[in-house]
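> I need the structure of the sequence given here:
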Amino acid sequence: MTIRFENGIVATLGSQNRLLWNGAVVAEGEWVVAIGDASAMAKRFPKAEVVDCDGKIILPGFICAHHHFYSTMARGMAPPGEPASNFVEVLERLWWKLDYALSKEDVLLSAQIPLIECIRNGTTTIIDHHASPSYRDGSLDLIEDAVREAGLRASLCYEVSDRNVPGGGIAENERFIKKIGKGDGQIAAMMGLHASFTVSDETVEKCVGIANDAGVGCHIHVAEDLADRKDSLAKYGLPTVNRLHNLGVSGERSIFVHCVHVDEAEMELLADTETIVVHNPESNMNNAVGVTQVLKMLKKGVLVGLGTDGMASDMLSQMRCAYLLHRLDNRDPRVAFMEAPKLLLQNNAEIAERQFGLRLGEIAEGRPADLAILDYHPPTPLSEANFLGHFIFGLTDANVDTTVCRGKVLMKNKEILTMDEERIAARSRELAPEMWKRL
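Residues are numbered from 1 along each chain as shown. Below is the predicted model:
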């Protein structure tokens, strides 16, 4: 099918962003086949289906470099016991109880709901990190099915940990990695691990061996809280990044999430090994663990991307949060205007390319037809020169009207077309209280 998305402002992004007023993007199958003036594209593709984008801006679909679908049913829940006073207690009293309580249907619903929210927010590609010890084997298949139903792209893995059983999740990861193989451009696989302080050397080495044999990277939380760094120093005499590097975890396909408590030598090691770091500003603020030194990492050449850590599926809000957080943390109003958008618009695209082998994040001929089309009437002149000003201070408040992934319209006029949101939410409301009782 050929579709013309026309009469909108097209922002191509990529290395040389172009803005086309009254522009059109033409998608044929999964790919963009033409971009240009709307009237010219109408003459060139007269039989194409038309999606009118008047009063809207057409952007590449957004990418989330770290998500936790499984956290969905925690909304509105009062965790048992006293409120957690530190990050380790947050894990012990909330997340490790919640993931253990998830049933088979809980896992499915916990994926479907954030996938719907990704569509609503124009997020078309997600790198997820899953855990459900009571329904572990086969859990990634359920999530894969949900992703395919939604029509989005996702890289999936299971969070290996020794906290319930030694090496729990290794077999599920290995099975799924073999099943997916090189992937089909929609689903990719990684080797997931929880964090340095919950995995032994033996477990890590098994995971790395499987990942290396399959040619995939590892996806692991790293020094999110100071407790992780202290644990590594006490047990192994090494800071977290060094320990994981010595065990073979680092590398260009691997994702080290957070990296809040790392020193400059570790940053240089991350840069030298081309290891990906993913920043999750809202989650770090929520857990009060500290601020990742993103600006310093970028200067050292670390590829730093942007994720949500399960907090949400709106990447524009994460970008703006990063922008504000690093201005405050550095006490400098001159910084982060370029860097925060770069995490989302450029670096996340490079991270996704390492996972899927596709260059996302740009509207160009021959690129995937992944689009986020937002309601936006610029109140001041809009051009390539001042795009970031509109991006940070205008588009973050704009509503996504239409979401397209792999050339398929997933939401149009704010109506989800691929999933029954009302039915799924109603079923989740039924099951969530039962899951809460199992905590």
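> Near Lys230, how many residues? Count them for me, please.
Residues lying near Lys230 (other CB atoms under 10 Å) number 15. The way it works is simple: take the backbone N, C-alpha and C, and place the C-beta from them, glycine included.
> pretty sure it is in a helix, no?
Yes - membership of Lys230 in a helix is supported by DSSP: H, G, I helix; E, B strand; the rest coil.
> In contact with Ser110, which residues?
69-73, 102, 428 (CB atoms under 8 Å, 6 or more residues apart in numbering).
> ignore the last one, Val335
Taking CB under 8 Å, 6+ apart, one finds 295, 326-327 in contact with Val335.
> Pull up the gap between it and His279, please.
To His279, Val335 is 14 Å away according to CB to CB, to the nearest Å.
> In which helix or strand does the residue most central in space within the chain reside?
Central residue of the chain (CA atoms, centre = their mean): Cys64, 2.1 Å from the mean position. Assessed by DSSP states H and E, Cys64 sits inside strand 62-67.
> do the same with Gln318
helix 315-330.
> Pull out the CA atoms of that helix and give them to me as CSV.
Taking C-alpha atoms only, helix 315-330 is exported to CSV below (Å, rounded to 0.1, in the frame of the first residue of the first chain):
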residue,chain,number,x,y,z
MET,A,315,10.0,10.3,25.1
LEU,A,316,9.4,14.0,24.6
SER,A,317,8.8,14.5,28.4
GLN,A,318,12.0,12.5,29.1
MET,A,319,13.9,14.8,26.8
ARG,A,320,12.6,17.9,28.4
CYS,A,321,13.3,16.5,31.9
ALA,A,322,16.9,15.8,30.9
TYR,A,323,17.2,19.3,29.6
LEU,A,324,16.0,20.9,32.8
LEU,A,325,17.8,18.4,35.1
HIS,A,326,21.3,19.0,33.7
ARG,A,327,20.9,22.7,33.6
LEU,A,328,20.1,22.6,37.3
ASP,A,329,22.7,20.0,38.2
ASN,A,330,25.4,22.0,36.4
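> Quick one: residues contacting the residue nearest to Ile220 when sequence neighbours are not counted.
Distance criterion CB to CB, 6 or more residues apart in numbering; nearest residue to Ile220, sequence neighbours excluded, is Leu193 at 4.2 Å. Leu193 makes contacts with 159-161, 199, 203-204, 207, 218-220, 249, as judged by CB under 8 Å, 6+ apart.
> Let me know the closest of the residues you listed to Glu422.
Glu159 (30.5 Å; CB to CB).
> per-residue confidence at that closest one?
You'll see Glu159 listed with a pLDDT of 98.
> Tell me which residues touch the residue nearest to it when sequence neighbours are not counted, please.
Take Glu159 and drop its neighbours on the chain: the residue closest to it by CB to CB, 6+ apart is Ala131, 4.0 Å away. By CB under 8 Å, 6+ apart, the residues touching Ala131 are 68, 70, 99, 158-159, 161, 169, 194.
> Kindly indicate the member of these with the most neighbours.
Going by other CB under 10 Å, Tyr158 tops the contacts of Ala131 with 33 neighbours.
> Please name the residues that touch that residue.
130-131, 136, 139-140, 169, 172-173, 176, 192.
> repeat that for 10 Å
128-133, 136-137, 139-140, 143, 168-177, 189-194, 219 (CB atoms under 10 Å, 6 or more residues apart in numbering).
> Quick check: it vs Ala336, distance?
34 Å.
> cool, Gly76 as well?
Distance from Gly76 to Ala336, by CB to CB: 33 Å.
> For those two, indicate the residue with more neighbours.
Ala336 (23 against 9).
> that's a helix at the more buried one, yeah?
No - membership of Ala336 in a helix is not supported by three-state DSSP, which gives coil.
> Given the strand holding Cys64, what are its sheet partners and their directions?
If you go by DSSP bridges, strand 62-67 pairs up with strand 123-128 (parallel).
> any idea which helix or strand comes after the strand it pairs with?
Next in line after strand 123-128, if elements are assigned by DSSP H and E, sits helix 139-150.
> now for the next helix-or-strand element following that next one, which elements pack on it?
Next helix or strand after helix 139-150 toward the C-terminus (DSSP H and E): strand 153-156. Secondary-structure packing of strand 153-156 (3 or more CB pairs under 10 Å, 6 or more residues apart in numbering; DSSP states H and E): strand 62-67, helix 104-120, strand 123-128, helix 139-150, helix 170-180, strand 187-189, helix 348-356.
> how many degrees apart are the helix or strand that comes right after the last one and helix 104-120 in direction?
The element immediately downstream of helix 348-356 (helix or strand, assigned by DSSP H and E) is strand 371-375. Orientation of strand 371-375 against helix 104-120 (axes from the mean of the first three to the mean of the last three CA atoms, to 10 degrees) gives an angle of 60 degrees.
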